[in-house]
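J.: let's see this in three dimensions:
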Amino acid sequence: MITKRNIGLAILFTIITCGIYGIYWMVVVTDDTNKAVNDPNGTSGGIVVLLSIVTCGIYGIYWAYKQGEKLDNAKNMRGIPSSNSNILYLVLDILGLGIIAIALMQDALNKISDYDSFNGNNGYNNGYNNGYNNGYTNQNGQGYNSVHQNNTGYNGVNYNGNGQDNSQANYNNNQNNNGQM
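T.: Coordinates of the predicted model:
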């Protein structure tokens, strides 16, 4: 499950701790993004911080770009409108506004978390796959691909659940109910 975080407090803690909380925030945002796109083999937050330090921040710029792609994919999996966040995060990071980029990433993760909580989804696996495997649902929550008895089939042919056509029986019942025969 993706943890929802208060962005204002995270920024405040980052400022108060002279960036130390920001490093932790980068780790958890990375790990939460991997959960959101169901990528257990994605680069962990600790490795991202280590590579960013070793490359003097260059990997951090690449990371910001890849985070945008992953978050857009996570939104698309859930049907949430998305844009090219990767370009925005890249530009913000290049301009030295990485804290704003992480705040925007956290905002996207908070929206994904709200969506998953509201829809009873546990991320991509339970949300997207269950919806796909069980059929699309209508507004009443009934699956279109679910098994329903006595449904009208293709070309108006009615089935009784056993694969038999019972359209004549339904026609006769309708005629009797309307006072006609």
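J.: go ahead and name everything in contact with the strand or helix carrying Asp72.
T.: Following DSSP states H and E, one finds Asp72 within helix 58-78. When contacts are defined by C-beta atoms under 8 Å, 6 or more residues apart in numbering, helix 58-78 is touched by residues 29-30, 33-34, 36-37, 39, 42-43, 48, 51-52, 81-90, 92-94, 98, 101, 105, 108-109, 111-112, 115-116, 119, 121, 124, 127-128. Glycine gets a C-beta too; all of them are placed from N, C-alpha and C.
J.: filter these down to the buried ones.
T.: Neighbour counting with 16 or more other C-beta atoms under 10 Å marks 29-30, 33-34, 36-37, 42, 48, 52, 82, 85-86, 88-90, 92-93, 98, 101, 105, 108-109, 111-112, 115-116, 121, 124, 127-128 as buried within those.
J.: distance of Asp93 relative to Gln106?
T.: From Asp93 across to Gln106, the span is 15 Å (C-beta to C-beta, to the nearest Å).
J.: per-residue pLDDT, Asn160?
T.: Note on Asn160: pLDDT of 47.
J.: mean confidence score for the helix holding Asp72?
T.: Averaging pLDDT along helix 58-78 gives 94.
J.: ok, now stretch 37-51?
T.: For stretch 37-51, mean pLDDT is 93.
J.: between the two ends of it, how far is it?
T.: 22 Å (C-alpha to C-alpha, to the nearest Å).
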